[in-house]
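A.B. asks: The following block contains a protein sequence and its predicted model.
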Amino acid sequence: MSEGNGWRRVAGGAEPSRRGARSDRSVLLFIVILLGVAAAIVFATIRLRTDELSDRLRDTGRVAALLVLGGGDTELAFELLFLDATTDRAALLHVPGTVGVLLEGEGAEERARVGALSTLYENGDTAQLLATVGRLVDTDVAIHLDVSGRRVQQLVDLIGGVEVFIPNPVDTRGSGDDDIAAAASSALPILLPSGSIRLDGEKAAAFLRLELPHESRVDRANRIHRLVQASFKQLGDVADTVLHPTVRRRLHQLLEPNLTTRAFDTLLDHLTRTDAERMIFQNVLGSVQDVDGVPLIFPYYDGELVRETVSQIQQNLQRDDPGELIELNPSIEVLNGTDVTGLARRAANLLQSYGYEVVRIDNADHDEYTNTVVIDRRGKLETAERLGELLSCRRSLTEYDADADAAVDITVVLGRDFDGRRCAA
């Protein structure tokens, strides 16, 4: 009996121990499962907080967005925004709506034809529009923002107006009392004084629609640049208001971006932090040719200048130190170092067609230069090297002189290797 009693005591004592061990294992398994579920929730939450734009900025640090302006009774134009998230700097490239591009046929039997870039927008083909602009600038253009028609008026009013500098007074009444008598497509008269003034939505839209006599394409592009820059500056000034959920949703509805609401919130957050005061402005330049009775702009040298300009823009946006920036619009002196008559003038015309400012054309100190030399006068050799690459002339050097002509940034001394377009290999 004692053995039986003892066995029962041992068995009775062991049984709770085995149940306790199983209970411990169950608790441990439950904890492991709970931790797994928690990890899955955290992972899912992080994934939900990210978006396609955040992923792109994390991978590359920059993005390009196409802004649509004008429309209605005004010629469509595009501003290509380059944004660098690592430096909070941005640039604008003005792309006229009349840039000539190859348009694909709408049906299997319709052949491709040359037409205006704005046609893609008017046809509602946003994906093709972004792809075409991307090929033009050799950059992936991922975002589309529509500020055409009345949207510009609504946008400016929503952010509380914009402040722009108007160099000359504008009066569309035709009285002739002011420096500029402008013809506007709006039936309403426009009267704007010169200087820094604040525009509400209606006046900002009118400022965009203005058709000023004797205004060149470049001058009009610069006027649009000023308005867009002022809008970005205002976004930063009223960031707290703009980033309010209600205003975010209104802006998303207004601009109709090809972004999810979360990705648009990411873009808006970066735009409010953009250094608008240091924006870079450039234009797509080209020759005007008539195609089926429509004047179209074809970028110089098959877009070589545009692609080079965009490359320099992107490099500059990555540089936060002003002393390291590449000068995008240097003033140039062209000297003929050969006995070829008119070579300097041909080179100057070429550089001007690229958008450079040629401030002086003359003969060099002698006419026996074998090789063309590009000379930096401002201590920024990389700027001179960029110009040399454009002309396929590889000889660049720095000759900084504090007493030199302040109007000249770069001197190009043409040698016998220059054929009027480029230097021989």
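C.D. replies: Ah, there it is.
A.B. asks: Same question for stretch 283-300: list its buried residues.
C.D. replies: Counting neighbours by 16 or more other Cβ atoms under 10 Å, one finds that the buried residues in stretch 283-300 are 283-286, 296-300. (C-beta placed from N, C-alpha, C; glycine too.)
A.B. asks: Please save the CA atoms from that stretch in PDB.
C.D. replies: Extracted in PDB, the C-alpha atoms of stretch 283-300 (Å, rounded to 0.1, in the frame of the first residue of the first chain):
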ATOM      1  CA  ASN A 283      13.700  78.200 -71.200                       C
ATOM      2  CA  VAL A 284      13.400  75.800 -74.100                       C
ATOM      3  CA  LEU A 285      14.800  77.800 -77.100                       C
ATOM      4  CA  GLY A 286      14.500  77.000 -80.800                       C
ATOM      5  CA  SER A 287      13.700  78.100 -84.300                       C
ATOM      6  CA  VAL A 288      10.200  78.700 -85.500                       C
ATOM      7  CA  GLN A 289       9.000  76.700 -88.500                       C
ATOM      8  CA  ASP A 290       5.700  76.600 -90.300                       C
ATOM      9  CA  VAL A 291       4.100  73.100 -90.300                       C
ATOM     10  CA  ASP A 292       0.800  72.900 -92.100                       C
ATOM     11  CA  GLY A 293       0.200  76.600 -91.500                       C
ATOM     12  CA  VAL A 294       1.000  76.300 -87.800                       C
ATOM     13  CA  PRO A 295       4.100  78.000 -86.400                       C
ATOM     14  CA  LEU A 296       6.000  75.400 -84.200                       C
ATOM     15  CA  ILE A 297       9.200  75.800 -82.200                       C
ATOM     16  CA  PHE A 298      11.900  73.200 -82.800                       C
ATOM     17  CA  PRO A 299      14.600  73.100 -80.100                       C
ATOM     18  CA  TYR A 300      18.100  74.000 -81.500                       C
END
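A.B. asks: got a list of what G97 touches?
C.D. replies: If you count contacts by Cβ atoms under 8 Å, 6 or more residues apart in numbering, G97 has them with 70, 75-78, 116-118, 121.
A.B. asks: okay, who's weakest in those by pLDDT?
C.D. replies: In terms of pLDDT, the lowest of the contacts of G97 is E75, showing 83.
A.B. asks: What is the neighbour count of that residue?
C.D. replies: 17 (other Cβ atoms under 10 Å).
A.B. asks: swap in R345?
C.D. replies: 14.
A.B. asks: Got phi/psi on it?
C.D. replies: Taking degrees, to the nearest 10, you get phi -60, psi -40 for the backbone angles of R345.
A.B. asks: and the residue lying closest to it once chain neighbours are set aside, which of the three is it?
C.D. replies: Excluding its sequence neighbours, the residue lying closest to R345 (Cβ to Cβ, 6 or more residues apart in numbering) is I361, at 6.1 Å. Classification of I361 using DSSP: H, G, I helix; E, B strand; the rest coil returns strand.
A.B. asks: No more questions from me, cheers.
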